[in-house]
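Engineer: coordinates only, no sequence provided:
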């Protein structure tokens, strides 16, 4: 029962793990250049916590060396790795609880243990990487050097100059498709540091969040984030029944992640995700973001018209992510997400999380809730690109959403709700406006933002 | 839940949508409210306008560094007025006033609070920032997952601090 999660006692093991990780979080606030006695003690406790782990020696050495005032890249990487391992363990504990509450079956991990180490060779898809091995390695070194400066200085000491020092590495990484994940992450972090300026006097620092972003960035800057590669995917064919669309966005990126049930030949069903993303600017918000994703017309049509998508040889990664190739999908028969949730969600096999992606923030388990009493719906996480509002949630009689966990609490992030309008039951979904909002005024405004900027780009950029 | 311990805390408040034709670019950066204002008469020309935080130093010139004829001494030109108005729509009145350290009574325009003087600012830097901004729209999209974006939920409001 889902309600057992919302009412349940917090797991004490989770608190202990997060307590150990705080050694890194707190160090990043003040900078590892100056560690006082308390921080030295916290680092030693972290090292002790890894006493029986393969990371034991690396973490112990990092704690010793940083206490003695010497900081090398490997030491920072050991701290990031320790933190990632701790949050990975918390993720596993939480997901086990969620699966038990939902009665969900989950596949075993069958992919590679993690991203292959950056070998310096160009991708096996020869036309994809724009940069050669040496240029790529140089770029990653630039990103690591910025992350090192951040760690030495600490958030409290970050000024405009230090934030701007990231610009070159980010711009180069954005231009390299192989490094998109790292580029998007660094750009998001840099924008937040800029917005927080002067950070020295910021009242509440997002301590855990920035430590999360920093440690992930350091990991991606080590190997380029090559964990999810097309050549590791298996082609799948079948019907994708959409459950709902989750929207992620920061000033210069947007991603729509579609959760659905894939039915393959023989009737086997499993949970999968399809993600499409685009670069954007901060003034493109709300329904305008769909314009940026117009290259994925089959997917957008399936979403807006609530139809299943017929897939042919679509690449599927071991972690349950489709690599979306729009030309391998066709909108098929009508498929209401609530019908999909009622009929298919219970029996569909859930994918395993790729080892290095295990983190509580990535837990996003599709759920169907018919009795909303006592269910904490996340009324904050409603994307402006769709019609869902807090008022609609208040009148909802059922919800398809994502089970999420953050800061000790489970919530349900709504992707669609059933509500009653004029005595008729209707569904309202985040992706209803994927082909444009029904309101012509909203539709016009959404089109204009992108057109104006493209016109300006056409006139000014190629001079 | 608190900002300190929340992985998905919202640090940058979502900006409000606005019409971009007149003022395609606005930012609060480098100690200035700065941006780009399209010329009303020449489609090829844009003005780079800025207002210094605290000093309220005003600057307006074309992207080719010709000074704006409308900016005389302490009186903001129409481009600076447009910049301020659009910044107010995008970021909200309070955030702009706080950044510029402007003190204005409710009901009066933000421009009324400027203790303005003319202070040339580096138009070239702002303009190249605008070009970098536009260049984002030229980057190819992707159909591969970016798991890191789970840390950046799309929200319509910022959570309350509890």
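Structural biologist: Received it, and whenever you're ready, just let me know what you need. If you're wondering where the values come from, they're calculated on a predicted model, not measured in any experiment.

Engineer: give me the contacts around the strand or helix carrying residue B:128.
Structural biologist: Per DSSP states H and E, residue B:128 falls inside helix B:123-135. Residues outside helix B:123-135 that contact it (Cβ atoms under 8 Å, 6 or more residues apart in numbering or on different chains): A:171, A:281, A:453, A:456-457, A:460-461, B:24-25, B:27, B:29-30, B:34-36, B:46, B:48, B:50, B:59, B:61-63, B:65. Heads up, the C-betas are built off the backbone N, CA and C, glycines and all.

Engineer: now, these that are in helices?
Structural biologist: Counting by DSSP state H, these place A:171, A:453, A:456-457, A:460 in helices.

Engineer: filter those residues down to the buried ones, PyMOL style.
Structural biologist: Only the buried members of the ones in helices among the contacts of helix B:123-135 end up in this PyMOL selection, burial being decided by 16 or more other Cβ atoms under 10 Å in any protein chain shown:
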select buried, chain A and resi 453+456+457+460
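
Engineer: so which of the ones in helices among the contacts of helix B:123-135 is the closest to residue A:161?
Structural biologist: The nearest member of the ones in helices among the contacts of helix B:123-135 to residue A:161, counting by Cβ to Cβ, is residue A:171 at 16.8 Å.

Engineer: next, count neighbours for the residue nearest to the closest one when sequence neighbours are not counted.
Structural biologist: Spatial nearest neighbour of residue A:171, excluding adjacent residues (Cβ to Cβ, 6 or more residues apart in numbering or on different chains): residue B:132 at 7.2 Å. Residues lying near residue B:132 (other Cβ atoms under 10 Å in any protein chain shown) number 14.

Engineer: low pLDDT regions in the stretch 101-250 of chain A?
Structural biologist: By pLDDT under 70, the weakly predicted segments of the stretch 101-250 of chain A are A:112-129, A:224-231.

Engineer: relative to the whole chain's centre, how far out is the helix or strand of chain B with the lowest mean pLDDT?
Structural biologist: Least confident element among the helices and strands of chain B, by mean pLDDT, DSSP states H and E: strand B:117-118 (a mean of 82). Put simply, strand B:117-118 sits 19 Å off its chain's centre (Cα atoms, centre = their mean, to the nearest Å).

Engineer: can you pull out the strands in chain A?
Structural biologist: Along chain A, counting by DSSP state E, strands occupy A:234-250, A:253-264, A:269-279, A:307-316, A:321-322, A:329-334, A:365-369, A:396-406, A:409-421, A:424-429.

Engineer: now the residue nearest to residue B:113 when sequence neighbours are not counted, what's its secondary structure?
Structural biologist: In space, and not counting its chain neighbours, residue B:113 is closest to residue B:104: 3.6 Å by Cβ to Cβ, 6+ apart. With DSSP: H, G, I helix; E, B strand; the rest coil as the basis, residue B:104 sits in coil.

Engineer: residue B:104: neighbouring residues, count only.
Structural biologist: Neighbour tally, residue B:104, other Cβ under 10 Å: 15.

Engineer: you'd agree it is up against residue B:115?
Structural biologist: No. Residue B:104 sits out of contact with residue B:115 when judged by Cβ atoms under 8 Å, with a separation of 11.2 Å.

Engineer: which residues does residue A:310 contact?
Structural biologist: Counting by Cβ under 8 Å, 6+ apart, residue A:310 touches A:238-240, A:329-332.

Engineer: also residue A:290?
Structural biologist: Counted by Cβ under 8 Å, 6+ apart, residue A:290 has contacts A:300, A:385, A:433-436, A:446.
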